[in-house]
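> A structural model of the following input is requested.
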Amino acid sequence: MSKGSAFTTFFIGGAVAAALGGCDVQVHDQTPDQYPANHDVGMYEIKATVAPDALVSPGSVYLFGLSGKQKFELSSNRTGTEWHGMYSIRCQPQFPLQLLAIWKVQGLTTKEKVVPEKPREIKLIEQEPTKEATIDTSGKSPKGGWTGSVKYRFSTGQSTQISGAHIEPVSQDAADVKAAKDISVTSPMPIDMPCGVPTEVTLTTTAQHAQGNLVVDSNNPAYPHWTTKVVFAPK
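The predicted structure is shown next:
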């Protein structure tokens, strides 16, 4: 091969390599690994940045979120470098996420790619159950005592079952032990809690002033056991 032929081959090969190297789109997923679960809104922001190579046709890039069989479009800022969208999901502890980029090279060839190769799992964190509750015992005691309730709601499963609940003293002091004995859990067990629906555990006391820890057991993986301090007192 002559020097001229070798140079021509090198030049053409280099040009092809340069062209191939200039037609990609770099996609960087900026979505957090987890969000607090929110049943009321049930939407979570998907974020990404995009950097197109030189041969990518201006304004030709489109970005989509993929979650299982669902596909949703993301919107960009004016420069096309930052993208975001909202993904709607309820009653799940997590969801898979990938990003699909579609673009044109020099207005002719359409290219696409999915990142990452395997979906990321975005976790939805169950919000902490009620930690404290106060029940009003103003006025004369009703027949059977004062009754109140503590509300709970869970959002990362189709349903949650409370299998049991009981009262324990807030401390081992004699006064706290006595105050806890005056409180009874009156809700029949188990209690089935549909996703996102506030559900009550009812309590009764014959003492106008009483307090104790309501200890609850459930099949919720995030909170199989939890404690709510309950105070009965007049306002």
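> so what's the most centrally placed residue in the chain bridging to?
Central residue of the chain (CA atoms, centre = their mean): L124, 2.4 Å from the mean position. Beta-bridge pairing for L124 (DSSP bridges): Y35.
> pretty sure it contacts C91?
No - applying CB atoms under 8 Å as the test, L124 and C91 come out as separate, 9.5 Å apart. Every residue, glycine included, has its C-beta placed from N, CA and C.
> who touches both of these two?
S155, T156 (CB atoms under 8 Å, 6 or more residues apart in numbering).
> skipping its backbone neighbours, what lies nearest T206 in space?
What sits nearest to T206 in space, not counting adjacent residues and going by CB to CB, 6 or more residues apart in numbering, is G145, at 4.1 Å.
> roughly how far does that neighbour sit from H166?
Distance of G145 to H166, given as CB to CB, to the nearest Å: 17 Å.
> quick one: which of the two has more around it?
The neighbour comparison of G145 against H166 (other CB atoms under 10 Å) goes to G145, with 19 against 15.
> next one: P188 from Y62, what distance?
55 Å.
> what do you get for M86?
Taking CB to CB, one finds M86 at 17 Å from Y62.
> neighbour count: those two, which is higher?
Legend: neighbour count by other CB under 10 Å for M86 and Y62, higher for Y62 (17 against 14).
> for beta bridges, what are the partners of the residue lying closest to that one once chain neighbours are set aside?
Counting by CB to CB, 6+ apart, Y62 lies nearest to I102, which is 4.7 Å off, once chain neighbours are set aside. When assigned by DSSP bridges, I102 has beta-bridge partners Y62, E112.
> heads up, I number from 273, so please use that
All set: I'll call the first residue 273, so the last point we hit is now I374.
> surely I374 and T382 touch.
Yes - between I374 and T382 there is a contact at 6.7 Å, judged by CB under 8 Å.
> who has more neighbours, these two?
I374 (14 against 11).
> model confidence for the more buried one, exactly?
For I374, the pLDDT comes out at 98.
> again, but for the one 10 residues further on
The predicted local distance difference test score for E384 is 97.
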